[in-house]
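# Got a sequence here, can you build the structure:
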Amino acid sequence: MATSEVVRQVMSGELPRMACFDICLSNMNGVVSVKPGVDNGRKISSLSAQVHKSSRVLRDRRRICALQGRNDVFHGKDRVCRLDSMSCKCQQAESLTSPDIDEFKVDQQQNQEVGGFGSNTKPTAARKKKGSPRKSKADLIEEEAWTLLKNSMVYYCNNPVGTIAANDPSSPSTLNYDQVFIRDFIPSGIAFLLKGEYDIVRNFILHTLQLQSWEKTMDCYSPGQGLMPASFKVRTVPLDGDEFATEDVLDPDFGEAAIGRVAPVDSGLWWIILLRAYGKCSRDLSVQERVDVQTGIKMILKLCLADGFDMFPTLLVTDGSCMIDRRMGIHGHPLEIQALFYSALLCVREMLAPEEASADLVRALNNRLVALSFHIREYYWIDMRKLNEIYRYKTEEYSYDAVNKFNIYPDQIPSWLVGFMPSTGGYLIGNLQPAHMDFRFFSLGNLWSIVSSLATDLQSHAILDLIDAKWDELVADMPFKICYPALEGQEWQIITGSDPKNTPWSYHNGGSWPTLLWQLTVACIKLNRPEIAAKAVEIAEKRISIDKWPEYYDTKRARFIGKQAQLYQTWSVAGYLVAKLLLANPSAAKNLVNEEDSELINAFSCMISASPRRKRGWKKQILV
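I've put the predicted structure just below:
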């Protein structure tokens, strides 16, 4: 039957009820419904004859299925005939409901899988949606990232509980990258939360909480109660009494198996931050209200607020206890830990259940928040004005009214800082101890100081001003430098112990880490300056997928993939995804930031105006 005649009969209603459907099938380039257990040979032969009957029919098959120029004939690659969009007067379009179309798609898919008729046909113009937008390079990278993130998921008793650190199938040695690190899972967890997939985060929170109470020792010594593990691994072991049955067990590492045998200080702080983010995103507060979760929060809090020999409100830690987990001269009071500590305290204050037994804990928490914010803002901040002040410091000052309270010698100011410090902008230094200021710029500490409101609003904007002004030093060809500058020469030998992995501008010694994209994005959105983060994401998209999602990059401008970097690093993937999700929906960032409340602002103002002796709060005690 000629095509024009078919069109005329269909439009006039002269065509029989099933004719429209049959003719449409006969011109679908050989796509038929092949069902198991049915002899389809005769049907295929008949249709094959019809398909090849006339070249004109083949040329006009689009016109038959989509009358009057409709471009909605086929649905994607499944090539489903959309009869419901036809201007056909027969009743077939009304009888083909959605289940019928779905069944046809399934049948056609089965046909292709078994190599049936039409499985090797070439794509034609009819199969492609006319005018459908082509996916951009960024969209393809994002799709790849989601696939990698899903493939990195770890299951415990058939439930997802986290993501492994790296998933490089070509790597001959996995080292400990096949474990779930609490620190590394944070961007993965936030990506899942922003996507509305809450179960994996909930499982992670509850299962790591169970590991908190495990008694792990290092040379017959147990760490403080409340310590969270650095990582855990799911092991399948034989079940006692049954050689064929197995069970899954969680094997945690509290640092006793880590390089340097350092316990993680940041794991518990990140766990609290993720717990609060879960409640904010999912609106499910039942998890944080559980008795065991409340107990876990208090245990972490007591561990961090325990009295010791330190005179400062900052948290005293050793080298290698945070993201920089090797010897890098950050022992003492590193900024990264203080920012996470401050953020965790604010999160706890939101989530801690109001009860009489917690009154003393809440009081200590509030006092620490005020003292910590004052200490960091006042003594860690540096800009051109403060640099000039340090340059003119007098040393060996005694009494409570001393200006140079920590006996900092002006000669400590490094030569690189004079050229690095812009006329506008500033940052929080990396560390402060008696007679020592670590002037290096540590990215995570500064970015999270913005996110947590540890830095004032003016200081926060000044930090982004500095990042913008020093873009070539801190971003260059791949965001984001973990610290600046790198330790070199004899300084590198002494401070790192000649660490071959932490050579200058590599790894933690000035390397560039794509995972820091998400912290940068949260900070920029909070200050309503998302264009800075968008610029960094655009730079990352040029290489990160081509380079197979490496853990870090080397050299000053991040030109090389890290010499010992793992590929398909999960938190590089997740950091990119979180940045993309937040830039697409900036309002979601409110679930991750901490806003300073009026009580803290008033208390902070009182501390500034108070006299040194009143701040010290010394009281004479008489021993009887």
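# got a list of what the closest residue to residue 186 other than its chain neighbours touches?
Nearest residue to residue 186 in three dimensions, chain neighbours excluded: residue 270, at 5.1 Å (CB to CB, 6 or more residues apart in numbering). C-beta coordinates here come from the backbone N, C-alpha and C atoms, glycine included. Contacts of residue 270 were listed using CB atoms under 8 Å, 6 or more residues apart in numbering, and they are 182-183, 186, 340.
# let's see it at 6 Å
182-183, 186 (CB atoms under 6 Å, 6 or more residues apart in numbering).
# cool, residue 280 as well?
residue 591.
# ok, residue 481 touching residue 475?
No. Contact criterion CB atoms under 6 Å: residue 481 and residue 475 do not qualify, at 7.3 Å.
# between these two, who's got more neighbours?
Neighbours were counted for residue 481 and for residue 475 using other CB atoms under 10 Å; residue 481 has more, 26 against 22.
# Can you report how many residues lie near the closest residue in space to residue 230 that isn't next to it in sequence?
Distances taken as CB to CB, 6+ apart place residue 264 nearest to residue 230, at 4.1 Å, with adjacent residues excluded. Residue 264 is flanked by 26 other residues according to other CB under 10 Å.
# got any ranges where the stretch 101-250 of the chain has weak pLDDT?
101-132, 213-221 (pLDDT under 70).
# send the alpha carbons of the helix or strand harbouring residue 301 over as PDB?
If you go by DSSP states H and E, residue 301 is part of helix 291-305. This file holds the C-alpha atoms of helix 291-305, laid out as PDB (Å, rounded to 0.1, in the frame of the first residue of the first chain):
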ATOM      1  CA  VAL A 291      19.600   7.400  73.300                       C
ATOM      2  CA  ASP A 292      22.700   5.700  71.900                       C
ATOM      3  CA  VAL A 293      23.400   8.600  69.600                       C
ATOM      4  CA  GLN A 294      23.000  11.200  72.400                       C
ATOM      5  CA  THR A 295      25.400   9.100  74.500                       C
ATOM      6  CA  GLY A 296      27.900   9.000  71.600                       C
ATOM      7  CA  ILE A 297      27.700  12.800  71.200                       C
ATOM      8  CA  LYS A 298      28.400  13.300  74.900                       C
ATOM      9  CA  MET A 299      31.300  10.900  74.900                       C
ATOM     10  CA  ILE A 300      33.000  12.800  72.000                       C
ATOM     11  CA  LEU A 301      32.200  16.100  73.800                       C
ATOM     12  CA  LYS A 302      33.700  15.000  77.100                       C
ATOM     13  CA  LEU A 303      36.800  13.800  75.300                       C
ATOM     14  CA  CYS A 304      37.400  17.100  73.600                       C
ATOM     15  CA  LEU A 305      36.400  19.300  76.700                       C
END
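# Name the residues that touch that helix?
Helix 291-305 has contacts (CB under 6 Å, 6+ apart) with 209, 212, 224, 226, 268, 348, 353, 364.
# with those residues in mind, which one is nearest to residue 540?
Closest approach to residue 540 among these (CB to CB): residue 268, at 29.9 Å.
# Let's test this: mean pLDDT of the helix or strand harbouring the closest one, rounded?
Residue 268 belongs to helix 266-282 when assigned by DSSP H and E. Helix 266-282 carries an average pLDDT of 98.
# same check, this time on stretch 391-402
88.
# how far out from the middle of the chain is that stretch?
In terms of CA atoms, centre = their mean, to the nearest Å, the centre of stretch 391-402 is found 44 Å from the chain centre.
# same deal with stretch 566-585?
Averaging C-alpha positions (CA atoms, centre = their mean) puts stretch 566-585 5 Å from its chain's average.
# And for stretch 231-242?
How far stretch 231-242 lies from its chain's middle: 29 Å, per CA atoms, centre = their mean.
# show me what contacts residue 348?
Residue 348 neighbours (CB under 6 Å, 6+ apart): 297, 301.
# And it, how close does it get to residue 316?
Distance, residue 348 to residue 316, using CB to CB, to the nearest Å: 20 Å.
# just residue 535 next, same as before
Note on residue 535: its distance to residue 316, by CB to CB, is 37 Å.
# Same question for residue 532.
33 Å.
# So between those two, which is more surrounded?
The neighbour comparison of residue 532 against residue 316 (other CB under 10 Å) goes to residue 532, with 20 against 15.
# My reading is that that one lies in a helix. Confirm?
Yes. Per DSSP: H, G, I helix; E, B strand; the rest coil, residue 532 lies within a helix segment.
# from what I can see it touches residue 525, true?
No. Counting by CB under 6 Å, residue 532 stays clear of residue 525, with 9.8 Å between them.
# pLDDT wise, what is residue 356 at?
72.
# and residue 339, what does it touch?
445, 448-449, 452, 454.
# from those, which ones fall inside helices?
445, 448-449 (DSSP state H).
# Could you give me the buried positions within stretch 342-362?
342-348, 351-352, 358, 361 (16 or more other CB atoms under 10 Å).
# would TSV of those residues with distance to residue 326 and secondary structure be doable?
Below are the buried residues of stretch 342-362 laid out as TSV (distance: CB to CB, whole Å; DSSP: H, G, I helix; E, B strand; the rest coil):
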residue	distance to residue 326	secondary structure
342	24	helix
343	24	helix
344	23	helix
345	27	helix
346	29	helix
347	28	helix
348	29	helix
351	33	helix
352	34	coil
358	37	helix
361	34	helix
